[in-house]
Each structure stands twice: as structure tokens, then as C-alpha cells.
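>>> Need coordinates for the following:
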Amino acid sequence: MSGPLGAIIGRYPTVGRPEQEGRRTRDGSDGGGIIRHNRKCRDLVFLFIFIAFWVAMIVNSSFAFNQGNPLRLTYGLDYKGNVCGNRHGDPDLRELEVKYWMNPNQVYQSGFKNSHFRLGDARSVCLLECPTPSEDSLNWVCDYPEGDIRLTVDEWINRDYDYYEFLTPDMRNSSLQLQGPCYPVIFPSLNVLWSCQFIARASNASMRHWQQMGGVNIDENIIIDKTIHRAINSPSAVLKRYVADIGKTWPVLIVCGGILPLFLSVIWLLMIRYFVAGMTWITVSVFNILIIGVTMFFYTKGTESFTCSLHSHDNCDDCFRFIHNSNYPSHSYGNICFKALHLFSSGQILRNDCQDCCTYDLKINRVNCDSCCGYSIHYTPHISIAILFHLFGCYWATQFIIACSSTVIAGSVASYYWAHGEISQEIPFLPVFSSMKRLMRYSLGSVALGSLVVSIVESVRSMLESIRRRLKYTDSEALGPIGKVTSFSSKCCLGGIEWTIKSVNRNAYIMIAITGKSFCKASAIATGLIMNNILRIGKVNVIGDVILFLGKLCVSLFSAVFAFLMLDTHKYRSAHNKISSPLFPVLVCWGLGYVVSTLFFAVVEMAIDTIILSFCQDAEEHQGTAQYAPPLLIETLDGQEEMQRLTQGS
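This is a model prediction of the structure:
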């Protein structure tokens, strides 16, 4: 330690205050205001960087709102490049949210690995629901009405998308060649995540009518089924649907990610306040009961999913959706806010280049082979950088808020420790607001620096962890025992570095609140105190941190279970608000619940750490004996012998 902090913490004389004159502290120095020494602004450069970063994020968000369309994350594109369900499409596609591929031969052709034709170029339209083959005739699905077809979109929908009777002989001949404008409904299909999943089992009646009319041969093969299934379950499509689910389930996020953990955290803190003696056993018992209950709950849901798959096709749509959800990969994509919905959907819609594609164009009344390719969304490197920039900014902002709250709590608690009794006049009238005022006036730059350090370390750790996983799964067979040990050790090292940085930062915020020093100087002071008093700190922090950590898990698990119950209702299993999977919203609610509980439990954690560091500093300045600590704290940290010595000496 470079010097005592007694003149800074609690014993700095207050000049010009008559009511303080003549008062003495325990060591004989003048009494004075708590933490009221001459402070000055620290680390201002990093505060300006933080402000500039947020200005850049606002600009980034404005670009996203102008260019993005969250509907792209859920619904597909039709053959015109329209997003299904978009009221501003050509034509108006409001409520037409299901994508249907009209030409089964194109779907079949795109299923081969060596094929030059892709499913994205297959003729597709947006419908209200997936069409079904007729039992005794042949149903048709025709292109959007335009040109000589004098029908409105509403009339086209009311006719079940069929206007075959209005076609000219040339149009009918083209339709029999599977070039449109009308296409036969041969295969049954299911609405799976807003795409019509073909079942490779043709209707005998429809196929017979098609052949009698002279239609071209239609391939029947499981490839038709697998092609669409593979497109629906591609990693990019899964990620887009997960992000879109967040936008649909925002009421669940507010209730189960904000309000519920807030209420549970308050209840938990009250229990700590009034049942402190038995809180250890209460926490462990509740955690075990909750873990067992959650396991049994999800086991039951998994059994229901398996049973559903054994039923007949009467409820095939729901069964297929349930089974599909149970096979979703459990990837974690981190926390994504509302603006990210627009960033993820801000690519450009461009026409593809394809071969062997000809369709009947109603506008020019002939078969056209020049502009029949489909559309796809193209993402530029700028969008990827913007997404990463936005995610980093969100994490930095979160850490900044946590740092500010930690510093305010530390400043208010320290005011009580360094005062002369609980009713001392040196305690500010509103300790929390006084601490907040000091933070806003002097230390915002320091907390901006501390939160930036955590954000950078966490980002680097995430990138290294991603690289480590890719290397592990790329060459998993060649990975021997030494490689596995190295992989596990690197993971542990990365986790240890992250934990150390966060721990050092938390202690640095305490010393910033007490001393008003810069972030680096406060970190050095806190580290020195911890190293000199490691045994005192360890025996209190280990038990306390474990209990508080279990409490956070209990609150967050409660939030996740309630989120799943809300998502398992009719509102989110059908109609417009139907979600692709409850997995990602539940994980987000779990994460938000953990963050909210962490912010609340941080009050207890920061209070404990502040008292301990203040005790250590007090003992450091007084030859190993804390002068400002209450008897119970001395008994806890220094043992019964020290308590008896102080009692006898007094």
C-alpha cells in the first residue's frame, strides 16, 4: 500500500463546520464528512469513447430500421421477391403467410446434390394455408391473378387459388407442361414453420386425373420431402426463426424476464433479511426441489412429444411441429434486443441466376425463360459487422449499468461503515443519492473503463471458445487424450480469466466509490488489500457467494419454467403469433431472469464486499486491528480470540 486512506475515508476534517469542531475519532483525529475529500473527474477519455460508441449505435440502429424487415426472419419469399405476409408486397400479401412450392418437379430436381437448380428458384406463392389434393378430381393452385386474368386477390383466395377454367388453350397446355400459370395439387402438404412441407405420397385420384389430361410425368420420391425439410432446417433458417420468435413473444419476455424475477428477487432478499440463520438450508433445499421439478416437467413434455408422433395423421400438423421442435439444435446465440431484429433482416432481396427454368408470364401472355428465377436475401459484410458492433454495444451497456449500480451501492454502504455509530451526523441524509451524485460527477469515466475491459475480455473469450469448438468438432476423431486435455484446460483457463477480471472490477468499483481514484489505481488498491487479507476474505466470501449464486439460479429457473408455461398456450401455438420453438424465448427469459436477480443480489454481494474491504483497510491502517468495525464483524472475520482481547482491553 502506498499510504493510509484514513484521511480520505471517514476521517477527513471538515473545515468551517462549527458543529464538527472538537469532535474526535477513536484514534484521536478530527471527525469529518464521510468520503468528502477533494475529488476530481477520472478517466474522462473513456467516458467520451462510451458516448461516441452510443452515437454510432444510434446511427447503426437507424440504418437497421430503414433497411430491415423482421417479417423476412419468419416467412419466405415468393417468386416475385415479396415477403409472405407483407401488406406492401405486389400484390398485397397480408395474412398470406404460408409459402407453397407449386411445381413438384422443380422441388424434386433441386434435391440432388449435383443439380444446378436450387429450391430458392422453384416457383412459389404465398397462401393462407397449404392446399390438399382432391379425393375425386384435380385441384389447382394458380399464380397471382394479373394480365388477362380479371380477378382480385380476394377473389383468387375465395376460389382456393384456382382459375383454371378461365385459361386459354395456350395457358392450359403450358399448365400441363408444369410451366404455369396453374399447377396441379398432387401431393399433400403440411404447414411446418410457414412453409408447406410435402409428403412424398401422391394422391391416386389426383395423379390419375392429371395423367388423363395429358400432363407431363411427375416424379414421386422421398427426395421431394427431404428437400423442403432440409431447407426449413438449415442453420440460417433456424437462426432467423429464433430471432423472430423474440419479436413475437415480447409480452412473455416482459412478464417472465422482468416482472417475475423482480418480484422473486425481492422475496428472496426479504428472506435473507428475516431468516438469515436458516437461509443456507432453505436455499439448498429449494434449489434441489426446483432442479428435480424442472427435470420431471421437461421429461413429461418430451414423453408427450414422443406419444404425439405415434398417433395418426388426424393432428399431423401439431404433431409434426412438436416433433420438429424437439429436434432443434440447442444453440445459444446470446442476448438480442429489438433493434437486432431489423439488423438481421436488413439484407438486399436480389434475383438469383438459374438454369432450365421457364414459366408462363401472364403480363406478356407467353412462356418466358429469362426472368423465372427466384429471389434470395443477400447479406453484405457491412451487415455482419453492424450486427457484431450492436451486440458488443449491448453487452458494454449492460456491464456499464451493472458497474454504476455496484459503485452506488458500495458508496452508500461505505458511508455507514466509516461513520461513528448508526446515528452519526456524518452519515448523509440520503446515502444512496449522495453516492449516485458522486458517481455522476466524478467516476463515470472509471466505470466506463471497467465495463469496457470486461466486454473486451468476454468478446475475446467468446471468439476463442468458438474457435476451440470448431477445431474440436472438425477433427474429433484425430483428437487424442492430450488434445482433449488441452481443450479442456484452455476452456478452464478462459473461464478463470473471465472470472478474475470480473472479480477485480467489482473490487475496483468499491475502491472507486470510497476513494474517488481512477480505475487502475483503485484496482491496485483493492488487489493489495485482498492479497494481504486473503484468509479473512476467503472464509466469508466462499459460503456467501455459493448461497447467492444458488439463489440467482432459483430465480432464473422459476422464470424459465413460467415462460415455458406461457408459451405452451394456444396463443403461441397457432395463428399469427405461432412461434417456431419455445427454446430460444425460454433461454432468453432464463438469461433475463438471471440478469435481474444478479442486479438485485448485487446489493447483498456489494454490501458484503464493501464491508470486508473497508474492514481490511481499517485493519491495515491500525496495525491489524479494525477500529471502526462492530463487534459482530470482528468476531466473524478475526475470530473469538480477537473479540475477547478487544473486550478486555476496553
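>>> Which residue comes closest to I579 once chain neighbours are left out?
The shortest distance from I579 to any non-neighbouring residue, by C-beta to C-beta, 6 or more residues apart in numbering, is to D245 (4.5 Å). For every residue, glycine as well, the C-beta is placed using N, CA and C.
>>> So the one you found, which state does it fall into?
Three-state assignment for D245 (DSSP: H, G, I helix; E, B strand; the rest coil): helix.
>>> among the helices and strands of the chain, which has the poorest mean pLDDT?
helix 316-326 (a mean of 36; mean pLDDT, DSSP states H and E).
>>> so how far is L587 from the residue nearest to I579?
Per C-beta to C-beta, to the nearest Å, D245 is found 10 Å from L587.
>>> What of I634?
45 Å.
>>> Counting neighbours, go ahead and name the busier of D245 and L587.
D245 (25 against 19; other C-beta atoms under 10 Å).
>>> Could I get the contacting residues of that one?
D245 makes contact with 579-581, 584-585 under the criterion C-beta atoms under 8 Å, 6 or more residues apart in numbering.
>>> Go through these and say which is closest to Q179.
Distance to Q179 across the contacts of D245 (C-beta to C-beta) is lowest for S580, with 33.4 Å.
>>> Need the phi and psi values for that closest one.
Here the main-chain torsion angles of S580 (degrees, to the nearest 10) amount to phi -70, psi -40.
>>> what number of residues lie near P585?
With other C-beta under 10 Å as criterion, P585 counts 26.
>>> Please identify which helix or strand holds it.
Taking DSSP states H and E as the definition, one finds P585 inside helix 583-621.
>>> What is that helix packed up against?
Applying 3 or more C-beta pairs under 8 Å, 6 or more residues apart in numbering; DSSP states H and E, we find helix 583-621 packed against helix 235-248, helix 250-254, helix 260-274, helix 381-417, helix 481-515, helix 519-532, helix 534-567, helix 631-649.
>>> got the buried residues for that helix?
Going by neighbour count (16 or more other C-beta atoms under 10 Å), the buried part of helix 583-621 is 583-621.
>>> How about stretch 279-297?
Burial within stretch 279-297, assessed by neighbour count using 16+ other C-beta under 10 Å, is assigned to 279, 282-283, 286-287, 290.
>>> ok, the residue lying closest to K517 once chain neighbours are set aside - how many residues close by?
Once flanking residues are discounted, K517 sits nearest to M511: 6.4 Å by C-beta to C-beta, 6+ apart. Counted with other C-beta under 10 Å, the burial measure for M511 works out to 30 neighbours.
>>> For M511, list the residues it contacts.
Listed by C-beta under 8 Å, 6+ apart, the contact set of M511 reads 517, 522-523, 525-526, 613.
>>> Closest to L193 out of those?
Using C-beta to C-beta, the shortest approach to L193 within these belongs to S523, at 49.5 Å.
>>> need the contact list for that closest one.
If a contact means C-beta under 8 Å, 6+ apart, then S523 has 504-505, 507-508, 511 as its contacts.
>>> For D356, the count of nearby residues, please.
Applying other C-beta under 10 Å, I find that D356 has 12 neighbouring residues.
>>> is it true that it touches S115?
No - in this structure, D356 sits apart from S115 without contact. The criterion is C-beta atoms under 8 Å, and the distance is 9.4 Å.
>>> okay, and the common contacts of these two?
Between them, D356 and S115 have Q109 as joint contacts when contacts are counted by C-beta under 8 Å, 6+ apart.
>>> where does the stretch 501-650 of the chain have low pLDDT?
Using pLDDT under 70 as the threshold, the predicted model of the stretch 501-650 of the chain has low-confidence ranges 536, 538-541, 574-576, 636, 638-650.
>>> hmm, 50 instead?
Judged against pLDDT under 50, the low-scoring parts of the stretch 501-650 of the chain cover residues 640-650.
>>> ok, now the stretch 251-400 of the chain?
Across the stretch 251-400 of the chain, the ranges flagged by pLDDT under 50 are 305-336.
>>> could you redo the last one with a cut-off of 80?
Per-residue confidence of the stretch 251-400 of the chain (counting by pLDDT under 80) places the weak regions at 272-273, 275-280, 293-348, 354-356, 370-372, 377-384, 386-387.
>>> what's the answer for the stretch 1-150 of the chain, then?
Filtered on pLDDT under 80, the stretch 1-150 of the chain yields the residue ranges 1-39, 60-76, 110-117.
>>> Right, I'll call it a day here.
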